[in-house]
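J.: Here you go, sequence then predicted model.
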Amino acid sequence: MERVIEIENLTYRYARAEETSLKNITLAVEKGKFMVIMGHAGAGKTSLSLCLNGLIPQFMQGRMQGKVRVKGKDTRSIPVQELAKEVGLVLQDPESQIICRTVGEDVAFGPENLGVPPLEIRKRVDEALSMVGISDYAKHAPHLLSGGQKQRVAIAGILAMKPDCIVLDEATSMLDPIGRKEVMAVLKKLNTREGITIIHITHHMDEASLADRVLVMDHGKIVLSGTPKYVFSNVEVIKNLGLEVPQVTELFYVLRKEGIELPNGVLDVDEAVNLVKDYLEKST
């Protein structure tokens with residue numbers, strides 16, 4: 001399968017930093033996949049995201065070793081504005097990316113700076129707003145929108161630049177449960193219907209369970225990697241890293257410790273209910 005991003009032996013230390021932020025990371029991201037990256041504060045998640053679109057090392061002082069390739073090209077050899085066409089970055093606070101008076105103008109800002117012709121910009125803005133479900137808000141002032149709507153505007157602004165991959169750095173962490181649900185629905189739609197590769201950095205376990213692949217980072221290293229089911233079956237490892245697991249996984253973990261024979265890594269509530277029913281029927 002085609003690889004959108006390839007990372008080889010990546011190590012990075014910020015200028016004047018006491019510790020290395022990334023330590024010998026090797027990773028491949030396949031086209032059309034939905035990947036989630038987890039880890040406590042300081043694990044290296046944001047540093048990794050900044051390497052994916054060239055902000056590290058091109059705009060941030062520090063020492064980088066190893067290689068990061070986007071569609072086969074070394075990120076150090078491509079201008080950041082060109083990389084933005086391939087890898088879009090959505091930040092934690094949507095207001096840090098929204099700078100125009102109306103939603104439509106803001107979504108148009110990125111392609112305008114890329115030199116896209118006006119008629120094509122109009123088409124891209126309409127398509128991007130439609131993809132994230134806020135076409136009716138094109139003439140609205142962004143500051144009047146909810147948190148979830150603002151984050152959808154930020155995502156639309158990235159979509160208008162037509163990237164193959166979108167990286168979201170804790171993009172749902174400042175949202176309420178409704179806003180988080182809105183954004184996650186948009187991400188799943190973009191991934192499954194549009195084929196856009198998604199790399200989502202989050203500390204919400206329920207969001208991680210929706211991914212094709214989950215990475216867990218600790219002190220600049222990848223310590224777990226695999227399907228959500230595999231990663232969350234390692235309950236003790238995750239807890240020792242100061243992280244939590246989904247509630248249903250936690251419940252089955254406790255029941256297993258009590259001697260009840262149930263499987264590891266259960267993530268879906270309906271599956272959990274059926275497993276408990278089967279267990280009770282066999283026990284009676």
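T.: Everything's here; your move.
J.: where's the residue nearest the centre of the chain relative to residue 29, distance?
T.: Nearest to the geometric centre of the chain sits residue 200, at 0.8 Å (CA atoms, centre = their mean). Noted for residue 200: a distance of 12 Å to residue 29, by CB to CB, to the nearest Å. (C-beta placed from N, C-alpha, C; glycine too.)
J.: likewise residue 177?
T.: Residue 177 sits at a distance of 28 Å from residue 29 (criterion: CB to CB).
J.: More neighbours: those two, which one.
T.: Counted by other CB atoms under 10 Å, residue 177 and residue 29 do not tie: residue 29 has more neighbours, with 22 against 11.
J.: three-state assignment of the residue nearest to that one when sequence neighbours are not counted?
T.: Excluding the flanking residues, the one nearest residue 29 by CB to CB, 6 or more residues apart in numbering is residue 5, at 4.1 Å. Secondary structure for residue 5, judged by DSSP: H, G, I helix; E, B strand; the rest coil, is strand.
J.: Equivalent analysis for residue 28, please.
T.: Taken by three-state DSSP, the conformation at residue 28 corresponds to strand.
J.: One more: residue 217?
T.: For residue 217, the assignment made with three-state DSSP gives strand.
J.: So what sits opposite it in the bridge?
T.: residue 222 (DSSP bridges).
J.: can you tell me which residues contact it?
T.: Contacts for residue 217 (CB atoms under 8 Å, 6 or more residues apart in numbering) come out as 37-39, 43-45, 48, 223.
J.: List the buried residues in the top helix by length along the chain.
T.: If you go by DSSP state H, the chain has its longest helix at helix 177-194. By neighbour count with 16 or more other CB atoms under 10 Å, helix 177-194 contains the buried residues 179-180, 182-184, 186-187, 190-191.
J.: Quick check: next helix or strand after that helix?
T.: For helix 177-194, the following helix or strand on the C-terminal side (DSSP states H and E) is strand 197-201.
J.: Next secondary structure after that next one?
T.: Downstream of strand 197-201 (by DSSP H and E), the next one is helix 205-208.
J.: quick one: residue 68 and residue 171, what's the gap?
T.: For residue 68, the distance to residue 171 equals 21 Å [CB to CB].
J.: okay, now residue 281: neighbour count?
T.: Neighbour count for residue 281, taken as other CB under 10 Å: 8.
J.: quick revisit: name the residues contacting each of residue 200 and residue 29.
T.: Here residue 200 and residue 29 have residue 35 as joint contacts, going by CB under 8 Å, 6+ apart.
J.: Pretty sure residue 95 sits in a strand.
T.: No. Under three-state DSSP, residue 95 falls outside any strand and is assigned helix.
J.: mind checking how far residue 143 is from residue 99?
T.: 11 Å.
J.: again, but for residue 88
T.: Per CB to CB, residue 88 is found 16 Å from residue 99.
J.: Give me the contact list for the one helix or strand residue 11 maps to.
T.: Of the helices and strands defined by DSSP H and E, residue 11 is found in strand 3-14. The contact list for strand 3-14, computed with CB under 8 Å, 6+ apart, reads 19-31, 47-48, 51-52, 56-57, 60-72, 86-87, 164-165, 197.
J.: Strands - which of these land there?
T.: 22-30, 62-70, 87, 165, 197 (DSSP state E).
J.: ChimeraX command to pick out the buried ones of those residues?
T.: Applied in ChimeraX, the following selects the buried portion of the ones in strands among the contacts of strand 3-14 according to 16+ other CB under 10 Å:
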select :22,23,25,27,29,62,64,68,69,70,87,165,197
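J.: What is the nearest of the buried residues of helix 177-194 to residue 275?
T.: Ranked by distance to residue 275 (CB to CB), these are led by residue 184 at 24.9 Å.
J.: for the closest one, what are its contacts?
T.: Counting by CB under 8 Å, 6+ apart, residue 184 makes contact with 172, 207, 210.
J.: Quick check, pLDDT for it.
T.: Looking at residue 184, its pLDDT is 90.
J.: quick one: it from residue 61, how far?
T.: Distance of residue 184 to residue 61, computed by CB to CB: 35 Å.
J.: now residue 79
T.: Taking CB to CB, one finds residue 79 at 18 Å from residue 61.
J.: re earlier: list buried residues within the contacts of residue 184.
T.: Judged by 16+ other CB under 10 Å, buried ones among the contacts of residue 184: 172, 207, 210.
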